[in-house]
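> Got a predicted structure plus its sequence, pasted below:
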Amino acid sequence: MKKNIAIIMGGYSSEYQISLKSGNVVYETLDKEKYNSYRIHIFKDKWVFVNTMDEEFPVDKNDFSVLVNETKITFDCVFNAIHGSPGEDGFMQGYFELLGMPQTSCSMYQAALTFNKRDLLATLKPYGIKTAESYYLNLGDEINEDAIVAKVGLPCFVKANKAGSSFGISKVYKKEDLQAAIENSFKEDNEIIIEQFLDGTEVSVGVISYKGNTKVLPITEIVSENDFFDYAAKYEGKSQEITPARLTEDYKTKVETVAKKIYDVLGMTGFSRSEFIFKNDEPYLLEVNTVPGLTKESILPQQAREAGISLQDLFSNAIEEAFKK
């Protein structure tokens, strides 16, 4: 008997349009012989099932079911394609855990931790994971530009602490530009992180639960045409994403080992994509994404393809792994 799969997409953050693209790719790709797929749009003002004619039917949040023409539809598993809040920060994970419903991403705690860059870096530091020097600010804190520059140097990156897809990020070269960059980041989040600039090869490493094992996918090298890997570089073709990355065997082994260690130390499940920059021959962690982009052009699907894993297999495996949890 075919399983009913709810593909959740959209979300409450600036990333909702990218999430809709990812979710629709999952919907179009999932094996129709094995699964009945349902597109579920999650927005602040509505949770709805959207059918093939773009008609909307409200989701009953009490049990995450849908009533369509007097027929109640329930779901066996949720495929999470929401980038940002509430799909990547633990809220949806906690909701489905309370309902006892399998879902494809990591658990609530891991989602909340990885979405908070500060807390993630602090948690991993005792395990020897190298990270850039950083300076933290909360909304309302006094801004001491001299102290910031003394800690992280120039140029530096000013980032929203809890945001993805390079929203709320600026590269700052001069002390007098810090204030504007900080204000820009505070538009996305009430916490920000200011990081030392690392000048080196940037790579992205996908790690997934695949057929019961932790699998490191082929590495992608990021070569941005812009000043850094910003939104335009990610989504508007302003970068080269080279898979497999042009790394020496030594670099490749080092970053694969660190990426797998992070996945295992955090007790991750589902998809993850970690970003690193090499400095002094060592990989420095930038961030971990737990609901990475899933369009055909996105980095994780590129890596899976290089590993001989089709999109259909990648998505089916995520569902089957979720049933095992």
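Good, I have the coordinates. Numbering: from 1, shown residues only.

> Spell out which residues make up each domain of the chain.
In terms of domains, the chain is parsed into 3-104, 113-129+199-324, 134-196 (source: automatic domain parsing).

> The last one - what's its average pLDDT?
This predicted structure assigns domain 134-196 an average pLDDT of 91.

> Make a markdown table out of the domains of the chain and add mean neighbour count.
Every residue, glycine included, has its C-beta placed from N, CA and C. Putting the domains of the chain into a markdown table (neighbours: other C-beta atoms under 10 Å) gives the following:
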| stretch | mean neighbour count |
| --- | --- |
| domain 3-104 | 19 |
| domain 113-129+199-324 | 18 |
| domain 134-196 | 17 |
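
> For the stretch 51-200 of the chain, which segments count as strands?
56-60, 65-68, 71-73, 77-80, 134-138, 156-160, 170-172, 191-196 (DSSP state E, counting those that start in this stretch).

> Excluding its own residues, what touches the second one? List them.
Read that as strand 65-68. 38, 40, 49, 51, 57-60, 72-75 (C-beta atoms under 8 Å, 6 or more residues apart in numbering).

> Closest one of those to Phe276?
Of all these, Phe276 sits closest to Ile40, with 33.4 Å by C-beta to C-beta.

> Now that closest one. Its backbone dihedrals?
Here is the backbone geometry of Ile40 (degrees, to the nearest 10): phi -120, psi 120.

> measure it to Asn51 for me?
Plainly put, Ile40 is 11 Å away from Asn51 if you go by C-beta to C-beta, to the nearest Å.

> And the helices in the chain?
Along the chain, the segments classed as helices by DSSP state H run 16-29, 91-99, 108-115, 117-124, 145-152, 178-186, 231-235, 249-265, 299-306, 311-324.

> JSON lines please, covering these and showing distance to Asp281.
As requested, the helices of the chain are arranged in JSON lines below (distance: least, C-beta to C-beta, whole Å):
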{"stretch": "helix 16-29", "distance to Asp281": "34"}
{"stretch": "helix 91-99", "distance to Asp281": "37"}
{"stretch": "helix 108-115", "distance to Asp281": "26"}
{"stretch": "helix 117-124", "distance to Asp281": "20"}
{"stretch": "helix 145-152", "distance to Asp281": "22"}
{"stretch": "helix 178-186", "distance to Asp281": "30"}
{"stretch": "helix 231-235", "distance to Asp281": "25"}
{"stretch": "helix 249-265", "distance to Asp281": "7"}
{"stretch": "helix 299-306", "distance to Asp281": "23"}
{"stretch": "helix 311-324", "distance to Asp281": "32"}
